[in-house]
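Trainee: coordinates for the following, if possible.
(2 chains)
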Amino acid sequence: DAGVIQSPRHEVTEMGQEVTLRCKPISGHNSLFWYRQTMMRGLELLIYFNNNVPIDDSGMPEDRFSAKMPNASFSTLKIQPSEPRDSAVYFCASSPAQGTTGYTFGSGTRLTVV
Amino acid sequence: AQSVTQPDIHITVSEGASLELRCNYSYGATPYLFWYVQSPGQGLQLLLKYFSGDTLVQGIKGFEAEFKRSQSSFNLRKPSVHWSDAAEYFCAVGANQAGTALIFGKGTTLSVSS
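Mentor: You can find the predicted model right below:
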């Protein structure tokens, strides 16, 4: 298995632009999680899905952030418009619906908004 | 409130010395506990996990952790540290139910001196 795949690995964009981050979970995993990592706040849960349905989006910081999971093999996190304070590493993780294996993380997308 | 506290932001250990990283949690239900490691520029890798049973759990890379319910702690240990263990370590807690979100501590950065 290729693991959780995130793209792009790095993104530099100008303030005000739309940014879309992508995630492909491990096949067969039913839960998908988006986290943001910064020096100040550590790892923050933004949103997670079970069976493609958003369960908890209370961590999404503002309406500028949105996430979708149109099918079991793909999810996007969109920021529109982006701001410099959105600069962070964004991680996607997936886990099976059954069992207790914990998360598998992707390698992350490092976003820089200038 | 549910939370994870890692009291040590940064620890330096000599190569070959023993290591203990502290983790305390606050969780209303029976917790699932995890330790993850993150190398620079990488995602998080699962080191070990505790769900039930023996309170001393073994993980990869020679790490172990002990669950102490009375102290709400889940400290990570290694008898002899290698230079390659230098990384950031995260403790996490979640519900004893698949498909729920984990709460992460702020992390402890481990440096290894020669």
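
Trainee: can I take it that B:Lys61 is in a helix?
Mentor: Yes - assessed with DSSP: H, G, I helix; E, B strand; the rest coil, B:Lys61 lies in a helix.

Trainee: report the contact partners of it.
Mentor: B:Val37, B:Leu47, B:Lys78, B:Asp85 (Cβ atoms under 8 Å, 6 or more residues apart in numbering or on different chains). C-beta: built from backbone N, CA, C; applies to glycine.

Trainee: list the residues that contact B:Arg77.
Mentor: Shown in contact with B:Arg77 (Cβ under 8 Å, 6+ apart): B:Ser18, B:Leu19, B:Glu20, B:Leu21, B:Phe63, B:Glu64, B:Ala65, B:Glu66.

Trainee: which ones, among those residues, also lie beside chain A?
Mentor: Among these, not one lies near chain A by Cβ under 8 Å from any Cβ of the partner chain.

Trainee: related to what we said a few turns ago, in strands, which of the contacts of B:Lys61 fall?
Mentor: Using DSSP state E, the members of the contacts of B:Lys61 that fall in strands are B:Val37, B:Leu47, B:Lys78.

Trainee: let me see the ranges of the strands in chain A.
Mentor: A:5-7, A:10-13, A:19-24, A:31-38, A:42-50, A:53-56, A:65-71, A:74-79, A:88-95, A:104-105, A:109-113.

Trainee: could you name the helices and strands sitting against the fourth one?
Mentor: Counting contacts by 3 or more Cβ pairs under 8 Å, 6 or more residues apart in numbering or on different chains; DSSP states H and E, strand A:31-38 is packed against strand A:42-50, strand A:74-79, strand A:88-95.

Trainee: show me the contacts for residue 9.
Mentor: Chain wasn't specified; assuming chain A. Counted by Cβ under 8 Å, 6+ apart, A:Arg9 has contacts A:Ser107, A:Gly108, A:Thr109, A:Arg110.

Trainee: wrong chain, I was asking about chain B
Mentor: With Cβ under 8 Å, 6+ apart, B:Ile9 has these contacts: B:Lys106, B:Gly107, B:Thr108, B:Thr109.

Trainee: re earlier: so for B:Thr5, which of the helices and strands packed on strand A:31-38 sits nearest?
Mentor: strand A:42-50 (11.4 Å; Cβ to Cβ).

Trainee: now for the closest one, which elements pack on it?
Mentor: Here strand A:42-50 is seen to pack against strand A:31-38, strand A:53-56, strand A:65-71, strand A:74-79, strand B:103-104 when contacts are counted using 3+ Cβ pairs under 8 Å, 6+ apart.
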